[in-house]
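>>> Turn this into a model:
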Amino acid sequence: MLSTYIISLREFLEIFLIIGVFLGISKKLGLKREKEILLSSVLGIAISLLLPILMFMVGEKARFIFTEKNAELIEGYLMIFSGFFIGYVIISLHAFWKLNQNKLLHNARQKLKNNVFDLSLFFLIIFFIIREGFEIALFTSTISLFSQFKDNMLGLGAGFVTSLVFGAATFFAYIKFPIHKIYKATEYMLILLGAVFIKGGIGELMEVYFDIHLSRIVPLPLKFLPDASTFAGNVIKNLFGLDQNFSLAKLAIIIFYILLISFLLRKQAASLKMK
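Numbering: from 1, shown residues only. Below is the predicted model of the structure:
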C-alpha cells in the first residue's frame, strides 16, 4: 500500500498542479474557462485512475498461477526492473517530458491569456493527465503482482486525495505556494523507493539461485525496529528498506543506488543548464 501511495502521490501531485495552474490563470484573469478546464481534467483523471486499477486487477489474477519458487524469482526480477525503471524515469524520461511539457504549458497559458479555449487545449490537458496515469500503472506493475488488490486501491486512493489537497492549495495560492519543495521531496522518496526495490530484488535472487542471504553478510541487526510481520515493521521495511535483520550488504546496495541516481541527476542538471 505504501509504495503505491508514494507513486500515486508523486504522479497525481503533478496532475493537480497542472490543473491548479490552469484554473489559477483562468480565475486570476477573469477568463471564465473553469468549466472547460474542469471537464477535460475530470476525463483525464478518470482514465488515469482506470489504468492502474486495470493493472491491479491483472496482478490480482496473475498471482494465483505462480508457484512459490517462480513467484520469488519473478518478484526478484521485477523489483530490480522497477528500481532501474524508476531511476530511468526520474533521470531521463521526466527530463524529456519536462522540456516538452514546459513548452506546451507555455503555449496553453498563452491561449488562456488570449481568452482562447479550443479543442487542442482541451485534449492537451487530458494528455498531460493521462501521461501521469500511465506512469502510475507502469511503476505499480510489480507491486500489483505481490500485493492485495484492496491494499493497492487504498494506496492509490490515499495518494489521489493527498495530491488533491495540494492541487487545491495551488489553485487558491497560485504560484506563491512553495509546491516545488513538496515535488522535490516526492522525488527523493521515489529514489529511496527505487533503492529498496533493487535491494529486495537482489536479495530474492541471491537466495533462490545461490542460497545466499544478504542479512548474513556483515550483519547490522536493528532489533529495536518492530518485526516485519507487524504493520509498523512492514511500513519501515517497504519505505526505508530497514528491518531487524539488516546488514552492511543491504546498506551498501541502497547507498550505491542513491549515489548513482544522484550523480546522474547532477550530471543531467549540468547538461540542461548548458543548453
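>>> make it CA atoms for all contacts and neighbour counts henceforth
Fine.
>>> mind showing which ranges of the stretch 51-200 of the chain have poor pLDDT?
59-71, 92-122, 124, 128, 141-146, 167, 170-183, 185-186 (pLDDT under 70).
>>> Which parts of it are helices?
68-88, 94-113, 119-139, 141-145, 149-173, 179-210 (DSSP state H, counting those that start in this stretch).
>>> If you count neighbours, what's buried in the first one?
Neighbour-count burial for helix 68-88 flags 71-87 (criterion: 16 or more other CA atoms under 10 Å).
>>> Now do it: which elements does it pack against?
Contacts defined by 3 or more CA pairs under 8 Å, 6 or more residues apart in numbering; DSSP states H and E place helix 68-88 against helix 119-139, helix 141-145, helix 179-210.
>>> again, only this time at 6 Å
Applying 3 or more CA pairs under 6 Å, 6 or more residues apart in numbering; DSSP states H and E, one finds that helix 68-88 contacts helix 179-210.
>>> Give me the contact list for the helix or strand just after the helix it packs on.
On the C-terminal side of helix 179-210, the nearest following helix or strand under DSSP states H and E is helix 231-240. Applying CA atoms under 6 Å, 6 or more residues apart in numbering, the external contacts of helix 231-240 come out as 226-228, 243.
>>> quick one: helix 231-240 to helix 179-210, angle?
Going by axes from the mean of the first three to the mean of the last three CA atoms, to 10 degrees, helix 231-240 is angled at 100 degrees with respect to helix 179-210.
>>> Would you mind measuring from Ser8 to Ala137?
9 Å (CA to CA, to the nearest Å).
>>> Mind listing what's buried along the host helix or strand of Ile258?
When elements are assigned from DSSP H and E, Ile258 belongs to helix 248-274. By 16+ other CA under 10 Å, the buried positions in helix 248-274 come out as 248-251, 253-254, 257-258, 261-262, 264-265.
>>> Pull the contacting residues for Ile125.
Applying CA under 6 Å, 6+ apart to Ile125 gives no contacts.
>>> follow-up on the earlier one: quick one: which two of the buried residues of helix 248-274 are the most distant?
Leu248 and Leu265 (25.4 Å; CA to CA).
>>> rewinding a little: among the buried residues of helix 248-274, find me the one that's closest to Gly44.
The nearest one, if we look at the buried residues of helix 248-274 relative to Gly44 and count by CA to CA, is Leu265, at 29.6 Å.
>>> Now for the closest one: which residues touch it?
Ile91.
>>> Relative to Ile255, how far out is it?
15 Å.
>>> same check, this time on Glu72
Using CA to CA, one obtains 24 Å as the distance from Glu72 to Ile255.
>>> re the thing from before, closest one of the contacts of helix 231-240 to Lys150?
Ala228 (19.9 Å).
>>> Just give me the neighbour total for that closest one.
17 (other CA atoms under 10 Å).
>>> OK, contacts around it?
Asn234.
>>> do you know how far it is from Ser147?
For Ala228, the distance to Ser147 - CA to CA - is 15 Å.
>>> does Ser8 really touch Val161, like I thought?
No - using CA atoms under 6 Å, Ser8 makes no contact with Val161, being 9.8 Å away.
>>> So for these two, which sits in the more crowded spot?
The neighbour comparison of Ser8 against Val161 (other CA under 10 Å) goes to Ser8, with 30 against 16.
>>> Excluding chain neighbours, what is closest to the more buried one?
Nearest residue to Ser8, sequence neighbours excluded (CA to CA, 6 or more residues apart in numbering): Gly159, at 5.0 Å.
>>> Can you give me the neighbour number for the one you found?
By other CA under 10 Å, neighbour count at Gly159 equals 22.
>>> contacting residues for it?
Gly159 makes contact with 5, 8-9 under the criterion CA under 6 Å, 6+ apart.
>>> Can you add pLDDT, distance to Gly133 and secondary structure and give those residues back as JSON lines?
Compiled in JSON lines, the contacts of Gly159 are given as follows (pLDDT from 0 to 100; distance: CA to CA, whole Å; DSSP: H, G, I helix; E, B strand; the rest coil):
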{"residue": "Tyr5", "pLDDT": "82", "distance to Gly133": "13", "secondary structure": "helix"}
{"residue": "Ser8", "pLDDT": "82", "distance to Gly133": "8", "secondary structure": "helix"}
{"residue": "Leu9", "pLDDT": "80", "distance to Gly133": "11", "secondary structure": "helix"}
